[in-house]
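Colleague: Got a predicted structure here, sequence first:
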Amino acid sequence: MKIDLSFSALQFDELQLREKNVIVVDVLRASTTVIVALSNGAREIIPVASIESAVKISGSLFGEVTLRGGERNGKIIEGFNLGNSPREYTESTVRGKSIIFCTTNGSVAMAKSRYAKNMAVGSFVNMAKVVDFVKQIDADFWIVCAGKPMGLGSFSMEDAVCAGMMIEKVQKSEPAKVELSDSSRAAQALFKAHGKSILKMMKSSDHGQYLKSIGFEEDIALCAGVDTHPFLPVLSGNVIKLRKDEQRSFEADVAAAGR
């Protein structure tokens, strides 16, 4: 199993990901928001690369069951129902809804992965699920870090450290089977250097500081939690859903709770 890594969604085009196994990582905040939305009962996430695409797709869907979520410069897009704060995607807001999702980098990376053989969305909040998924596939993987939104796809510390944690955990569990590229080794080294205090690292990162400046400091703490949302969003056709086994389990839990 070889694990390769891109530090930015701008480093590749969609054809390079054709028939590959891909993990998309955008810790602050697209990956985390997708995970939270689906864990709170959203039916599916439809990632798009532009606001124009979001508007076009939403025009062909039923308004009552479809929401538009996303951001530009960290703030909600005018005319959208939701921004990119995972705290907005509560069960009462998203349950049973399809969400057209458009962010500066995260949704772009997800949309570029639409031809992947397998694609999952990863972050700190579902770390163990991602690691288990990689081990189950037991084949070469490409981790795509979305990159820093304010830098138009440039290097993001939090994405790199998160990817490094994934790599470290997979390699520790399968030491004889895992081969790392130079970029994967670099991410692993960053995790070893900064992984002891994830929240501190994220608050001091460029994008963490920007989110604090526009009033989203609480999002950083949510996004820094490890394994707080044990769900794995995966690509299914052109949309992102929970894995079928997790979806069935979630629906059973909801039914048992009488919701």
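Modeller: Alright, I've got the coordinates.

Colleague: longest single strand anywhere in this structure?
Modeller: Counting residues, the longest strand in the chain under DSSP state E turns out to be strand 66-72.

Colleague: residues making contact with that one?
Modeller: The contact list for strand 66-72 (Cβ atoms under 8 Å, 6 or more residues apart in numbering) reads 33, 37, 51, 54, 58, 76-77, 79-84, 88-89, 93-94, 97-104, 107, 149. For the C-beta atoms, the positions are set from N, CA and C on the backbone; glycine is no exception.

Colleague: go again using 7 Å as the cut-off
Modeller: Defining contact as Cβ atoms under 7 Å, 6 or more residues apart in numbering, one finds that strand 66-72 is touched by 54, 58, 77, 80-84, 94, 97-104, 107.

Colleague: Can you tell me which of these end up in helices?
Modeller: Those of these mapping onto helices are 54, 58, 94, 107, per DSSP state H.

Colleague: So which of those is the closest to Cys145?
Modeller: Ser107 (14.2 Å; Cβ to Cβ).

Colleague: The most centrally placed residue in the chain is in what secondary structure piece?
Modeller: Ranked by distance to the mean C-alpha position of the chain (Cα atoms, centre = their mean), the top residue is Ser31 at 2.0 Å. Per DSSP states H and E, Ser31 falls inside helix 30-39.

Colleague: Extract the CA atoms of that helix and return them as PDB.
Modeller: Extracted as PDB, the C-alpha positions of helix 30-39 are listed here (Å, rounded to 0.1, in the frame of the first residue of the first chain):
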ATOM      1  CA  ALA A  30     -15.500  21.800   4.800                       C
ATOM      2  CA  SER A  31     -14.600  18.200   5.700                       C
ATOM      3  CA  THR A  32     -15.700  18.700   9.300                       C
ATOM      4  CA  THR A  33     -19.000  20.300   8.200                       C
ATOM      5  CA  VAL A  34     -19.800  17.500   5.800                       C
ATOM      6  CA  ILE A  35     -19.200  14.900   8.500                       C
ATOM      7  CA  VAL A  36     -21.300  16.800  11.100                       C
ATOM      8  CA  ALA A  37     -24.200  17.400   8.600                       C
ATOM      9  CA  LEU A  38     -24.400  13.800   7.600                       C
ATOM     10  CA  SER A  39     -24.100  12.600  11.200                       C
END
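
Colleague: what's the angle between it and strand 66-72?
Modeller: Angle, helix 30-39 to strand 66-72, by axes from the mean of the first three to the mean of the last three Cα atoms, to 10 degrees: 160 degrees.

Colleague: tell me the mean pLDDT for helix 30-39?
Modeller: Across helix 30-39, pLDDT averages out at 98.

Colleague: Check what contacts it and list those residues.
Modeller: Against helix 30-39 from outside (Cβ under 7 Å, 6+ apart): 24-25, 45, 84, 86, 89, 94, 99, 101, 103, 106-107, 121-123, 125-126, 146, 222-223, 229, 231, 233, 240-242.

Colleague: Also stretch 88-106?
Modeller: With contacts defined as Cβ under 7 Å, 6+ apart, stretch 88-106 is touched by 9, 26, 30-31, 33-34, 36-37, 40-48, 50-51, 54, 57-58, 61, 65-72, 77, 82, 84, 107, 146-147, 149, 153.

Colleague: Tell me the buried residues in it?
Modeller: 88-89, 93-94, 97-106 (16 or more other Cβ atoms under 10 Å).

Colleague: Adding pLDDT, write the residues you listed out as TSV.
Modeller: Shown next, in TSV, are the buried residues of stretch 88-106 (pLDDT from 0 to 100):
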residue	pLDDT
Glu88	98
Tyr89	98
Thr93	97
Val94	98
Lys97	96
Ser98	96
Ile99	97
Ile100	97
Phe101	98
Cys102	97
Thr103	95
Thr104	91
Asn105	91
Gly106	94
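
Colleague: where in the stretch 101-250 of the chain is pLDDT low?
Modeller: By pLDDT under 70, the low-scoring segments of the stretch 101-250 of the chain are 149-153, 248-250.
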